[in-house]
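Novice: model this:
(chains A and B)
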Amino acid sequence: MIRLTIDNIAVTVEEGTTILQAARKIGGKVVPPAMCYYSKLKGSGGKCRTCLVKVVQSSAKDPRPMPKLVASCSTPAQDGMVVQNITSPEVVEARKGIVEFLLLNHPLDCPVCDQAGECDLQDLSYGHGTEITATEEYRREFPVTDIGDLIQLHMNRCILCYRCVYTAEQLTDQRVHGVLYRGDTAEIGTFIAQNIDNDFSGNMIDVCPVGALTDKTFRFKSRVWFLRPMDAYRDCRVCKGKAVIWMAGDEIYRVTARKDRFGEVEDFICNECRFDHKHPEDWVVEGPRSIKRESVISANHYLQKEDPGVIDPIKGTIT
Amino acid sequence: MGRAILLNGIEIPGIRNFTTYRSHGGYSAVEKALREMTPAQVAAEVTRSGLRGRGGAGFPTGLKWSFLDKKSDKPRYLICNADESEPGTFKDRFLMEHLPHRLIEGLIIASYALGVKTCYIYIRGEFKYLVGILEKAIGEAHRYGFVGENIAQTPFSLEIYVHPGAGAYICGEETALLESLEGKRGNPRIKPPFPAFKGLYGCPTVVNNVETIATVGPIITMGGEAYAAIGKGKSTGTKLISACGNIKKPGVYEIELGLPVEEFIFGEEYCGGIAGNKSLKAVIPGGSSVPILPADLILNTASGTPRLMSYESLAEGEFTSGSMLGSGGFIVLNEEACIVRNTWNLTRFYHHESCGQCSPCREGTGWMEKILYRLEHGEGKMSDIDLLERISKNIEGNTICPLGDAAAWPVASAIRHFRDEFEAHVREGKTFHATVGKETTN
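Specialist: Just a heads-up that it's a prediction; the model follows:
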């Protein structure tokens, strides 16, 4: 076990844990935002640079500071490490810069984007960005493409986190899409306009931090905050069948996987559960999904006492 | 020419062929190393020589070799980084074209020191014509028993392969190179783990520049200490400098490190002064990615001492008044050169070559290029100059690999030293170009 401090809070973690995971153990505001890192996907992380932190002491053995800001998602914690996240003005400033870069070519079409309300980039820019943008250049544009019958790709919104690539690579036995070209013309694509067609392709929608990959069966049906998310399960041959059904009245508008408090999918679900079962009788409802109080989705939903409630971001407990 | 160690014998006709090279003392270093020395002795000799990586960073080669994971039972690899793509740098191309056997000789000795059985030369895709030259040289070495099984009648065996890249600057970054060599997209890896532990195919790997490896042969011949005696301070030995720009005699020069910059630019033996009898305006001393220095700061440091061609002297004053020796791409600009246009041109290169993996570099390089385009074409604003400075600061140090730094430094240094010129572009708008007769088409 190793002991480190993040923003003056001490935490003990197992060897090999990254700084980000250690910060998540503490929880609350010291957790660096992560747009590309996904604990369930091997090899992810290090790309978006929003999780940069300052290491003022590398370890107990080597008390020198690290010369540059490091990506907390891919830097292993060391015993006696001293990390600064929100207590370092340098980190806060750098993060503002990263948010600016991520939004530089982003179309900011939140009013017509299905992801609005549950978008990591929205949360990130609201929490760590600036109100105004300095850019006056043209934003790069890509045509909207269908990758298969069920998923639509809005490359304009993509921040190239590579999560969907890793999902396809690690969840399925074949990957037919990837990142094409380079620099700011890089795009997610299937090269010869192939369909993405496998049982778990729908998870690409869930792992996408922005509105680049959207569910074609749900597009423009409703804003997410008008829907009631309910934990539900069904007997599925392919996956665990544990999902969230998003309802309005008696109608199921969409089905997604359950996400934890860091926005990561708990159990990946299959396409059958996601796209083919939209009748309430297909599902056994467990109860309302607990949504962070800060989320716009929790607006207009009164919490009853017997509800699971909201997870306290600081204590990590349910209140 | 100054001191010829690497380029020794370049004037001999047919030195590119094995027999000529051999008859002029070639491959004797291999015989000496393999027959008379242990691998540890060879490595110690390189450490003693104080040789520093010639690819740009200047990291001590002996130290880099010592990091190689010794506990691993996996095969080890030595990669020769011949992906020389930095604008202004063309020393490796020159070396490989004229003295391919010097590189192969170095590869054999370095492989012996590192316990490597397979060696790859990752060569830039645009150097297609060099692939043939290198493969012919490797074939000859094979035929005469210096590559393959039992080299020079010793138990040591080695295979050398040439692998051309597909034309991406980023593949000169060592981990992107390894990805590319493995057949993947050339994205730099996130470090740690470092290649010394998990490199090519997850095996311990050393990646060295062409010039670094080629220097190993002469070091063994003359001895590490004798090599360390050449040069100045921690900048030991000689270095190839590819000089270009507005000088009378552009080309590749081998210099003893510690040569005064003034002598290099104006000396008849080297660049021969500024072309067309114009005056010196600025120099980018180590390949396009290092900070540009105005004439007074390149000839003398901020403290007034003459600037020398060495790792330490060029870096003196750090980034406020110094630069870097880098890869040795010495770009000289005369009084007529437009710094804004030059900076825009460099940024255009980095924008084009960014791999797009991490956000600061992917978005920032394009943004800087667009702003510099506007400035150069008379559509800039005063606030753009500060914005550029801020963008470069946000990119620098926040990226996965050094390409972000390489893109940010030229912009930051150009504004630092030539802010008035940027302001003049804004003030005078499009007319500015008319006065100096610049062609402004894209």
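
Novice: which residue does the stretch 151-300 of chain B bring closest to chain A?
Specialist: Distance from chain A to each residue of the stretch 151-300 of chain B (C-beta to the nearest C-beta) is smallest for B:Ile190, at 3.7 Å. Where you see a C-beta, it was placed from the backbone N, CA and C, and this is true even at glycine.

Novice: Residues of the stretch 251-400 of chain B that sit close to chain A?
Specialist: Counting by C-beta under 8 Å from any C-beta of the partner chain, the stretch 251-400 of chain B comes close to chain A at B:351-360, B:362-367, B:370-371, B:387, B:390-391, B:393-394, B:397-400.

Novice: For ChimeraX, write a command that selects the buried ones of those residues.
Specialist: For selection in ChimeraX, the members of those meeting the burial criterion (16 or more other C-beta atoms under 10 Å in any protein chain shown) are listed in this command:
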select /B:351,352,353,354,355,356,357,358,359,360,362,363,364,365,366,367,370,371,387,391,393,394,397,398,399,400
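
Novice: give me the beta-bridge partners of A:Lys259?
Specialist: Residues found in beta-bridge contact with A:Lys259 (criterion: DSSP bridges) are A:Val265.

Novice: Touching, it and A:Asp267? I think so.
Specialist: No. Because the distance of 10.2 Å does not satisfy C-beta atoms under 8 Å, A:Lys259 is recorded as not touching A:Asp267.

Novice: In terms of neighbours, single out the busier of these two.
Specialist: When A:Lys259 is set against A:Asp267 and neighbours are counted by other C-beta atoms under 10 Å in any protein chain shown, the residue ahead is A:Lys259, at 17 against 13.

Novice: Let me see the contact set for residue 207.
Specialist: Since you didn't name a chain, this refers to chain A. The contact partners of A:Val207, by C-beta atoms under 8 Å, 6 or more residues apart in numbering or on different chains, come to A:38, A:41, A:163-164, A:167, A:265.

Novice: other chain: chain B
Specialist: With the criterion set at C-beta under 8 Å, 6+ apart, B:Val207 makes contact with B:79, B:81, B:174, B:177-178, B:195, B:199.

Novice: among the residues you listed, which two are most distant?
Specialist: Using C-beta to C-beta, those span at most 12.2 Å, a distance reached by B:Asn81 and B:Gly199.

Novice: Residue of chain A closest to chain B, please.
Specialist: Minimum separation of chain A from chain B (C-beta to the nearest C-beta) falls at A:Gly97, amounting to 3.2 Å.

Novice: so that residue, which of the three states?
Specialist: Classification of A:Gly97 using DSSP: H, G, I helix; E, B strand; the rest coil returns helix.

Novice: B:Asn398 is in contact with that one, correct?
Specialist: Yes. Counting by C-beta under 8 Å, A:Gly97 does reach B:Asn398; the two are 7.2 Å apart.

Novice: residues shared between the contacts of those two?
Specialist: Here A:Gly97 and B:Asn398 have B:Pro360 as joint contacts, going by C-beta under 8 Å, 6+ apart.

Novice: got the residue ranges for the helices in the stretch 251-400 of chain B?
Specialist: B:261-266, B:295-299, B:311-315, B:318-321, B:339-353, B:359-376, B:382-395 (DSSP state H, counting those that start in this stretch).

Novice: Revised request: answer the last question for chain A.
Specialist: A:19-26, A:89-104, A:120-128, A:163-171, A:203-207, A:271 (DSSP state H).

Novice: Please name the residues that touch B:Gly272.
Specialist: By C-beta under 8 Å, 6+ apart, the neighbours of B:Gly272 are B:247-249, B:266.

Novice: ok, residue 102 - contacts?
Specialist: I'll assume chain A. Contacts for A:Leu102 (C-beta under 8 Å, 6+ apart) come out as A:35, A:48, A:50, A:121, A:124-125, A:159, B:359, B:363.

Novice: if you could check chain B rather than the one you did, that'd help
Specialist: With the criterion set at C-beta under 8 Å, 6+ apart, B:Arg102 makes contact with B:6, B:21, B:26, B:95, B:214, B:217.
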